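Colleague: need a 3D model of the following:
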Amino acid sequence: AGVPKDAVRHFNARNLPNPGKSVVGNQRTGLDARLRSEVLKLPGARAMVDDVVAASVEEVAAMLQRHEEAAGKAAGKAADGSASADAGAGARVVRIGVGCDRGKHRSVSVVMQACEELSVRG
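Modeller: This is a model prediction of the structure:
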């Protein structure tokens, strides 16, 4: 519960309307294709998916840039004998947070769609 402290960006899916009970049923979550399809039809859902995808791409690019810069600095230090060439590589994880009230329908649908679109990009 609450905002994940290790996420570099946060998105609030609470402003998307809750899907109707006829779509949600008793057991459906955003992992269910039918529910996800309905959530993605809600006003603002498509824009949120696009924002999550764009933020993910930006954050990964920034992370890679930081790693390239760190590797270059480390290589320079290794050349003068002051450090190992792979020093400063750091973590290679980008966390994007998407939340809603219970984390079952809207946020999961947005995340699953964003993941699908990102996986197509490679």
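
Colleague: where are the low-confidence patches of this protein?
Modeller: Low-confidence segments of the chain (pLDDT under 70): 1-2, 21-26, 74-91.

Colleague: where along it do the helices fall?
Modeller: Assigned by DSSP state H, the chain shows helices spanning 21-24, 33-40, 45-79, 106-121.

Colleague: and the third one, what's buried?
Modeller: Buried residues in helix 45-79, counted by 16 or more other Cβ atoms under 10 Å: 45, 48-49, 51-53, 55-56, 59, 63, 74. No exception for glycine: its C-beta is placed from N, CA and C like everyone else's.

Colleague: once you drop chain neighbours, what's closest to A7?
Modeller: Nearest residue to A7, sequence neighbours excluded (Cβ to Cβ, 6 or more residues apart in numbering): G97, at 3.5 Å.

Colleague: that neighbour contacts H10, doesn't it?
Modeller: Yes: taking Cβ atoms under 8 Å as the definition, G97 is a contact partner of H10 at 4.4 Å.

Colleague: the more surrounded of the two?
Modeller: A count of neighbours by other Cβ atoms under 10 Å puts G97 above the other of G97 and H10, at 18 against 13.

Colleague: what's the spacing between that one and V3?
Modeller: Note on G97: its distance to V3, by Cβ to Cβ, to the nearest Å, is 6 Å.

Colleague: mutual contacts of those two, please.
Modeller: H10 (Cβ atoms under 8 Å, 6 or more residues apart in numbering).

Colleague: who does the residue most central in space within the chain form a beta bridge with?
Modeller: Closest residue to the average C-alpha location of the chain: I96 at 3.5 Å, with Cα atoms, centre = their mean. Beta-bridge pairing of I96 under DSSP bridges involves R9.
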